[in-house]
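[1] Below: sequence and its predicted model.
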Amino acid sequence: TEPAQAKPGILGRLVGRTDAAPVVRRALDDEMLEQLEELLISADMGVDTALRVTANIAEGRFGRKLSVEEIKGLLAAEIARIMEPVARPLPIYPKVPQVVLVVGVNGSGKTTTIGKLASQFRAAGKSVIIAAGDTFRAAAVEQLQVWGERAGVPVLTAPEGSDPASLAFDAMTKAEAEGADLLLIDTAGRLQNRADLMEELAKIVRVIRKKDPSAPHNTLLVLDATTGQNALSQVETFRKLADVSGLIMTKLDGTAKGGVLVALADKFGLPIHAIGVGEQIDDLQAFDPEEFAKALTG
Ligand code: GDP
């Protein structure tokens, strides 16, 4: 599969896509900076972050004539600098089972991401159990079972509409009894009734802490990159609902909105544990800040 990430090619749009473009020299003046800001905002970086990035680039260089290649390099370096601290693989705790709660709105790619994660951990020789905690969405449970089969991982389910916390408790019991390395717990993503969802997530956490006070070891928020700036408000919302410890950004294949990752890193500083770059089981990659910055600046 194509390791394609964001595809806006920001700098390409600054000068047009001619062969001569990279060597065209432009003064780093107000007009240029404004154009850069607009391009960054159009790549969904958000106004605050775009302004900060361009200000940092201009610092000590204002008015200087630079080639587009040089500007591209500066921009990529600045973006990579913001992204480096958040690029962190999912931390592995010695605790067995390591419990990972997966949260996010419906459609963000939670089910797919759990399948991909399960497959990666299986490939690394870990024993994995999945709990289909979105008991209100029969389709989600079925999808998760399909992913479990693909990944070679058992999926624990409960009758439709039953209490997700009791499923989580059963899953903890089973994972402990079997000495499983990792327990991935899916959760509901209905934001229509936030109070209910908050109570549901809190109850799951309470119940699994009865089994292991240090659990959940990670609470992953899955975000859909194609929602652009919406991802920012989803982080804000889910941080109120759960103790989000890190992010996985899906659908970075073929979106021009990858800039939102920069805004997220700049605003929240939450670790980005992985990125989804397609619908297949292997389409989950570690987040590479330099590669990302290069793809984004194009
Ligand atoms: P959920 O409702 O949050 O569980 O979302 P799903 O896992 O069912 O994903 C919703 C849709 O997004 C499905 O059609 C997935 O195939 C698709 N999807 C998930 N992750 C990615 C990704 O990284 N890239 C692409 N292109 N599609 C994805």
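    Thanks, I have it.

[2] How about the residues of this structure by the ligand?
    Selection of the chain residues close to the ligand by CB under 6 Å from any ligand atom yields 104, 106-112, 140, 143, 189, 250-251, 253, 276-279, 283. The C-beta positions use only the backbone N, C-alpha and C, and glycine is treated the same way.

[3] Buried ones among those residues?
    Neighbour counting by 16 or more other CB atoms under 10 Å classes 104, 106, 108-112, 140, 143, 189, 250-251, 253, 276-278, 283 among these as buried.

[4] correct me, but residue 90 touches residue 217?
    No. Under the contact definition of CB atoms under 8 Å, residue 90 does not touch residue 217, with a separation of 9.6 Å.

[5] For the two, list the residues in contact with both.
    Shared contacts of residue 90 and residue 217 (CB atoms under 8 Å, 6 or more residues apart in numbering): residue 100.

[6] Tell me which residue in the chain sits closest to the ligand.
    Relative to the ligand, the nearest point of the chain is residue 276 (2.5 Å; CB to the nearest ligand atom).

[7] In contact with that residue, which residues?
    Residue 276 sits next to 109, 112, 113, 116, 248, 249, 250, 251, 252, 253, 283, 284 when contact means CB under 8 Å, 6+ apart.

[8] since we're on residue 128, how many residues are nearby?
    By the criterion of other CB atoms under 10 Å, residue 128 has 26 neighbours.

[9] bridging residues for it?
    Counting by DSSP bridges, residue 128 forms beta bridges with residue 182.

[10] Surely it is in contact with residue 181?
    Yes. Assessed by CB under 8 Å, residue 128 is found in contact with residue 181 at 6.8 Å.

[11] quick one: common contacting residues for those two?
    Common neighbours of residue 128 and residue 181 (CB under 8 Å, 6+ apart) are residue 121.

[12] so where's the stretch 101-250 of the chain shaky on pLDDT?
    The model of the stretch 101-250 of the chain has no residue with pLDDT under 70.

[13] at 90 instead, please
    Applying pLDDT under 90 to the stretch 101-250 of the chain flags residues 190-194, 228.

[14] just the strands in the stretch 1-150 of the chain please.
    Using DSSP state E, counting those that start in this stretch, the strands of the stretch 1-150 of the chain run over residues 25-27, 65-67, 98-103, 128-131.

[15] tilt between the top helix by length along the chain and strand 98-103?
    Ranked by number of residues, the top helix in the chain under DSSP state H is helix 194-211. Note on geometry: by axes from the mean of the first three to the mean of the last three CA atoms, to 10 degrees, helix 194-211 and strand 98-103 are set 180 degrees apart in direction.

[16] helix or strand for residue 275, which one?
    Assigned by DSSP states H and E, residue 275 belongs to strand 272-276.

[17] I'd like the next helix or strand past that strand.
    Moving toward the C-terminus from strand 272-276, the first helix or strand encountered (DSSP H and E) is strand 284-285.

[18] That next one pairs with which strands?
    In the sheet, strand 284-285 lines up against strand 272-276 (antiparallel) (DSSP bridges).

[19] Might one say that residue 40 is in contact with residue 259?
    Yes. Residue 40 is within contact range of residue 259, at 6.3 Å (criterion: CB under 8 Å).

[20] how about stretch 121-141: buried residues?
    121-122, 126-135, 137, 140-141.

[21] er, stretch 114-123 I mean
    Neighbour-count burial for stretch 114-123 flags 114, 115, 116, 117, 118, 119, 120, 121, 122 (criterion: 16+ other CB under 10 Å).

[22] can you give me the helices in the stretch 51-200 of the chain?
    All helices of the stretch 51-200 of the chain, identified by DSSP state H, counting those that start in this stretch, fall at 68-83, 110-123, 138-151, 164-178, 194-211.
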